[in-house]
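Asks: Dropping the sequence and predicted coords here.
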Amino acid sequence: MKEKYPFKEIEPRWQQFWEERRLFYTDVSDAGKKYYCLMMFPYPSGALHVGHGRNYIIGDAVARYKIMRGFKVLAPMGWDAFGLPAENAAINTGRHPRDSTRENISIMKRQIISWGCCYDWDREIATCEPEYYKWTQWFFLKFYERGLAYKARAPVNWCPSCATVLANEQVVNGRCERCGTAIETRELEQWFFRITAYAQRLLDDLEKLDGWPERVKTMQANWIGRSEGTRLDFRLVPRPDGGSDPFDTIPCFTTRVDTIYGCTYMVIAPEYPHIDELVRGLPQEQEVLEYVRRSLRTPRAARTSESAEKTGVFTGRYVVNPYTSEPVPLWVADYVLMEYGTGAVMAVPAHDERDWDFARRHGLKIKLVIQNPERTLRLEDMQQAYTDFGLLVDSGPFSGLSSSEAIQKMTAYAEEQGFGGPQVHYRLRDWLISRQRYWGAPIPIVYCEKCGTVPVPEDRLPVLLPDNVEFRPHGESPLKRCPEFMNTTCPRCGGAAQRESDTMDTFVDSSWYYLRYLSPHDDHRAIDSQACNRWLPVDQYIGGVEHAILHLLYARFFTKVLHDMGLVEFDEPFAHLFTQGMICKRSPKDGKLYKMSKSRGNVVSPDKLIEEYGADTVRLYTLFIGPPEKDAEWSDQGVEGAYRFLRRLWKKVYDHQDVLRESVPGKIDRRLLDPEERELYRQTNSAIQSITDDLEGDFHFNTAVARIMELLNAIDRLSVHRDSAPSRKAVFAHALRNLILLISPFAPHIAEELWVQLGNPPGILKVDWPTADPDALAMEEVELAVQINGKVRARIRVAADASEEEIRSLALSDERVKKWTEGAEVRKIVVVPGRLVNIATRRHSS
RNA sequence: GCCCGGGUGGCGGAAUCGGCAGACGCAACGGACUUAAAAUCCGUUUCCGCUGACGCGGAGUGGGGGUUCGAGUCCCCCCCCGGGCACCA
């Protein structure tokens, strides 16, 4: 055994050992307690930094722990390999995305292996390979068959810098999630997945997800944005010139039908269909058309920002309030959004802040119809809208009702009268999946002049991405300029036809990869239903919280569709979700803390650290850095600390090799131990107990590592040498042996090596996880704090099983306690066994 | 504005059910070893006051109030930070 901790020598050796023994290769047909441990697969961006490592290290620690607990663990890894960055790089360098992606994959795979993270590499998948995207296309066809994929002209988010459309989920504060460019709205024909058809189920089933963090569920619920209200149809007052209109009612959605008697005007969005026909020939026509044109040009971000002033114009038309039969003016204003509700809003300025602002600005009538039950409102005094619930006034037959009663009754009335009824709205929009880019799975659709839109037959999949394309940014997919790809024959009539040139959003690829791991190379079907039903839902999914909405919502949607198709029995993919926090580092530029990223220049490469300290040090520090679900700041000195600890551990074993090798593990008889030995034995068992609890609970790796450090400190306190008593040697060996087992999921290389040095056969993963001896946890004597009125004034030592009476008298007879209780009346004594005694006293005023 | 988190030493963070606040690590300081340095080992470190000293007393978990023998933990009010949603009708 070497004196100095030889991490450089042992780490590659054990990595090879795990690979050769195929310890992480899983036969999925095998019975047994299964545990599917899944880490979010990475986008092959180039090279990993230590921030990425947190994900894999946590997952690997969990997998190793579960293996030692006797589970059959499935831990696969793959690559989310399609995507914009590779294509943007191709535009700049001319290098084909396939080549750069493959190269990045091999760099990152090497890094993951050098971290000591183990996977079933036979199941490795890359979404950019035809054997994978063939089935992404197949799912598209299935969605198309079921009416869940459709093409529609719609106002969409356009990123001028990426030159592509984006899903709503990829627009953050009106800017492109990737490049930060302000998003424009364009009216384009695009492909959508009908996720809104699943809105209610996606919302309801959040309740089933006990193993998910509350905050992720809340974020998804917010995103789905269910809102209950009332639909009301407002009849259009016929044109004064007797001309015809494109429609005769304007439906609107409201959550506050109780305020309808205060509706003094109605507003429609500038995108509202056929506005031009509504105003044709009216004096307002030019002004309205000009206003609409201007609004449509305004970027969405500017239009919807809070500070934006509420502009709008009167159309010259009126609609009829269905409750009062009174006409109210119809306005166009861009504070109303076409995407939400019906694109039309009944405006009640007295009871809605936005309508209040708008009405004040444009001199519209304000009518008070809800009274504050606490304090009578007078319109003249009001500085802002009263938006709370209250009692209805001036509301015809509904006057006097409370808002909540009124909402019910008035909605029922609308239904009876046939001009409306209850309605539920969702904020969630359909998922826009087409991208005008090359590096993605081609949408398997053909356009034929005769037959129209024709899906590519399943047996002609995959629609392969052509290689010989030119990468230039010109707002349409490079595929469009590739005639070999574009020109095809119609699968239906055999005539000349054109292919769809758009590719799919990469979130489609990642919506089903966790199913493909069960049969990664099956070229007959997308997934192996039987194996999926056995292994899913995923027992533990681990990844970054940045995917709380996007990926996790899409994957849930996919699973539900597959469930409805009869392909899988489960309808939620991930039973437990763990979202780890980001690793941050101060930026060298401004000294502020940021998430590690190449562009900030604050990344720490694992390669250098592993070279200098070894993978186990990096792993141990990464787990110790803080609560794994929270963000953490990387500290180079913290890494040193972890390294120091492992060196100390190595030296401990090195210094006591003889003692350790000669003592055979066996039952330890506590009665034969002296107090020091008994204390170490107790601490060993206590460490086993709490580390197991930490891992079974919410992955408290930071406290688990702390407990291991404490155990080594405790081991240090017991002096042992060649001539020590056998019992002492046995306790010492027992403690170290268990420490090595306990640390093995975190620092597996050193654990394997020391395990062998202790005289055990290689392969610590085959050893059972230790269990604590409950008898050993008990202390014979405990120290109790004695409080007087809640302040600690003394300490007493008592037998652990001392009666309350004994403790009481012992406490009262303590010198220091006497000093404090002298001349005071003891009112009450509280004894908390094993912890403290509190004596409440009262001083007599003398 | 609404909905989630969170606020504890110089720093990262511990603290089952309400029971000794500051585990563990970092940093700093003092000492040992060394010709010296590094490494290592030992010790000190919440703040304030008193003491020659072993010590003693007081305050203390963002602020204020409450419940309790006892509050970082429970209740009420407020402040600050992070995240999500947001002209959503």
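Replies: It's in. Numbering: from 1, shown residues only, chains lettered A, B, ... in the order given.
Asks: what's the spacing between the most centrally placed residue in chain A and RNA strand B?
Replies: Among the residues of chain A, the one closest to the centroid is A:A548, at 2.6 Å (Cα atoms, centre = their mean). As judged by Cβ to the nearest atom of the strand, to the nearest Å, A:A548 and RNA strand B stand 7 Å apart. Where you see a C-beta, it was placed from the backbone N, CA and C, and this is true even at glycine.
Asks: so where does A:N92 fall, helix or strand?
Replies: helix A:84-93 (DSSP states H and E).
Asks: Spell out which parts of the stretch 401-550 of chain A neighbour RNA strand B.
Replies: Within the stretch 401-550 of chain A, the residues that sit near RNA strand B (Cβ under 7 Å from any atom of the strand) are A:425, A:427, A:549.
Asks: Could you count how many residues lie near the last one?
Replies: Looking back up the chat, that one is A:I549. Residues contacting A:I549 under the criterion other Cβ atoms under 10 Å number 16.
Asks: you'd agree it is up against A:W223?
Replies: Yes: with contact defined as Cβ atoms under 8 Å, A:I549 reaches A:W223; the gap is 5.0 Å.
Asks: now what about the very next helix or strand once past the helix holding A:N92, what contacts it?
Replies: Next helix or strand after helix A:84-93 toward the C-terminus (DSSP H and E): helix A:97-114. Under the criterion Cβ atoms under 8 Å, 6 or more residues apart in numbering, residues A:11, A:15, A:42, A:44-48, A:56, A:77, A:79, A:81, A:86-87, A:89-90, A:93, A:119, A:126, A:128, A:438-439, A:467, A:606-607, A:610, A:615 lie in contact with helix A:97-114.
Asks: If any of those residues are buried, put those into a PyMOL selection.
Replies: Selection of buried members from those for PyMOL, criterion 16 or more other Cβ atoms under 10 Å:
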select buried, chain A and resi 11+15+42+44+45+47+48+56+77+79+81+86+87+89+90+119+126+128+438+439+606+610+615
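Asks: In strands only, show me the contacts of helix A:97-114.
Replies: When the contacts of helix A:97-114 are checked against strands (DSSP state E), the matches are A:79, A:126.
Asks: So which bits of the stretch 101-250 of chain A are right by RNA strand B?
Replies: A:172, A:214-215, A:218-219, A:222-223, A:225, A:227, A:229.
Asks: ok, now with 10 Å
Replies: Contact residues, the stretch 101-250 of chain A versus RNA strand B (Cβ under 10 Å from any atom of the strand): A:168-169, A:171-174, A:177, A:213-223, A:225-232.
Asks: Could you turn the buried ones of these into a ChimeraX selection?
Replies: Buried members of these can be picked out in ChimeraX with the line below, counting by 16+ other Cβ under 10 Å:
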select /A:169,171,174,177,213,216,217,219,220,223,229,230,231,232
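Asks: any idea which element the one residue in the stretch 101-250 of chain A that gets nearest to RNA strand B lies in?
Replies: Closest residue of the stretch 101-250 of chain A to RNA strand B, Cβ to the nearest atom of the strand: A:R215 (3.5 Å). Following DSSP H and E, one finds A:R215 within helix A:214-224.
Asks: Which strands or helices does that helix pack on?
Replies: Helix A:214-224 is packed against helix A:199-204, helix A:550-564, with contacts defined by 3 or more Cβ pairs under 8 Å, 6 or more residues apart in numbering; DSSP states H and E.
Asks: picking up where we left off before, nearest to RNA strand B among the residues of the stretch 401-550 of chain A next to RNA strand B?
Replies: A:R427 (4.1 Å).
Asks: buried set for stretch A:259-275?
Replies: Taking 16+ other Cβ under 10 Å as the criterion, stretch A:259-275 shows A:259-272, A:275 as buried.
Asks: ok, and of those residues, which contact RNA strand B?
Replies: Among the buried residues of stretch A:259-275, the ones lying near RNA strand B by Cβ under 10 Å from any atom of the strand are A:259, A:263, A:267-269.
Asks: just curious, which of these is nearest to RNA strand B?
Replies: Minimum distance to RNA strand B across these is 6.2 Å, recorded for A:A269 (Cβ to the nearest atom of the strand).
Asks: Give me the domain ranges for chain A.
Replies: If you go by automatic domain parsing, the domain ranges for chain A are A:138-194+A:430-507, A:227-425, A:636-777, A:781-843.
Asks: Quickly, which of these bottoms out on average pLDDT?
Replies: The minimum mean pLDDT among these belongs to domain A:781-843 (a mean of 83).
Asks: quick check, it touching RNA strand B?
Replies: Yes: under the criterion of Cβ under 10 Å from any atom of the strand, RNA strand B is reached by domain A:781-843 at A:782-795, A:816, A:819-820, A:827-841.
Asks: quick one: which of those residues sit in helices?
Replies: A:816, A:819-820 (DSSP state H).
Asks: Phi, psi for whichever residue of the stretch 501-650 of chain A sits closest to RNA strand B please.
Replies: Of all residues in the stretch 501-650 of chain A, A:G641 sits closest to RNA strand B, at 2.8 Å by Cβ to the nearest atom of the strand. Main-chain dihedrals, A:G641, degrees, to the nearest 10: phi -60, psi -40.
Asks: For A:Y323, see how far away it is.
Replies: Using Cβ to Cβ, to the nearest Å, A:G641 is found at 71 Å from A:Y323.
Asks: on that earlier part again, most neighbours per residue, which of the helices and strands packed on helix A:214-224?
Replies: Among these, helix A:550-564 has the highest mean neighbour count (mean count of other Cβ atoms under 10 Å), at a mean of 22.
Asks: can you list contacts of that one?
Replies: For helix A:550-564, the external contacting residues (Cβ under 8 Å, 6+ apart) are A:40, A:139, A:142-143, A:146, A:148, A:169-170, A:193, A:195, A:198, A:201-202, A:205, A:216, A:220, A:223, A:431, A:507-508, A:510-512, A:514-515, A:527, A:543, A:568-574, A:577.
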